[in-house]
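*Asks:* Give the three-dimensional model of this entry:
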Amino acid sequence: MHDKLEKFIRDNRELFDDKTPDKSVWSKIEKEIDGDHKKKHIDFTFVWKAAAVFFFGVSAYLLFQLNNSRDNADLYPELSTTDIIEEFKETEAFYIAQISEKRASIEAIDHIKPDLATSFQQDIHKLDSMYNELKKELDRDSNEQVFNALVQNLQIRIEILNQQLDILRSLKKSENDEKVNI
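*Replies:* Numbers count the residues shown, from 1 in each chain. Modelled structure (predicted):
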């Protein structure tokens, strides 16, 4: 039975192929394919460029503030070094705890895009090295401006970690949405 049907189809193929769909049908199909492709493709290039510009801008600002503070040291009221150190230690402990918590959150979901996680780590390592340079500066000259620059560095790290978490969460959400749609 199967062979007879197959033979019939082969012998009468021209009769089956007499109709062709309208060009508008193919246009609609192409648009749907293009639309689905664009929806699934998320490009974070702009986000990374913006983060890099933000990072370098803040770095330049911090360095400018550090150099400017040395020139204008008489404009700031003097606090005792002990007071500044104590206040900084409390602030540093608070921010370090938040940074550790955010890094743990990132590590929990960074398996989504390992190459992205590596890039994230490079950004944080740059801030870590800046922080270490500021700590060296602090050893040479303990003043309030250096402490402020250190605190700003910690705040920027938290802000960048928050942005990274948002990116990873949106990737995870889109990945879950794709699984549901399949």
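*Asks:* use CA for all of it now, contacts and neighbours both
*Replies:* Noted.
*Asks:* Would you mind stating the distance between the most centrally placed residue in the chain and residue 120?
*Replies:* Most central in the chain under CA atoms, centre = their mean is residue 164, positioned 3.5 Å from the mean C-alpha point. Separation of residue 164 from residue 120 (CA to CA, to the nearest Å): 7 Å.
*Asks:* Then residue 156?
*Replies:* 14 Å.
*Asks:* picking that back up, mean confidence (pLDDT) on the helix or strand the residue nearest to the centre of the chain falls within, please.
*Replies:* Taking DSSP states H and E as the criterion, the element that holds residue 164 is helix 144-181. Throughout helix 144-181, pLDDT has a mean value of 81.
*Asks:* Can you name every helix or strand that it contacts?
*Replies:* With contacts defined as 3 or more CA pairs under 8 Å, 6 or more residues apart in numbering; DSSP states H and E, the packing partners of helix 144-181 are helix 45-71, helix 81-109, helix 114-140.
*Asks:* If we use 10 Å, what do you get?
*Replies:* Applying 3 or more CA pairs under 10 Å, 6 or more residues apart in numbering; DSSP states H and E, one finds that helix 144-181 contacts helix 23-40, helix 45-71, helix 81-109, helix 114-140.
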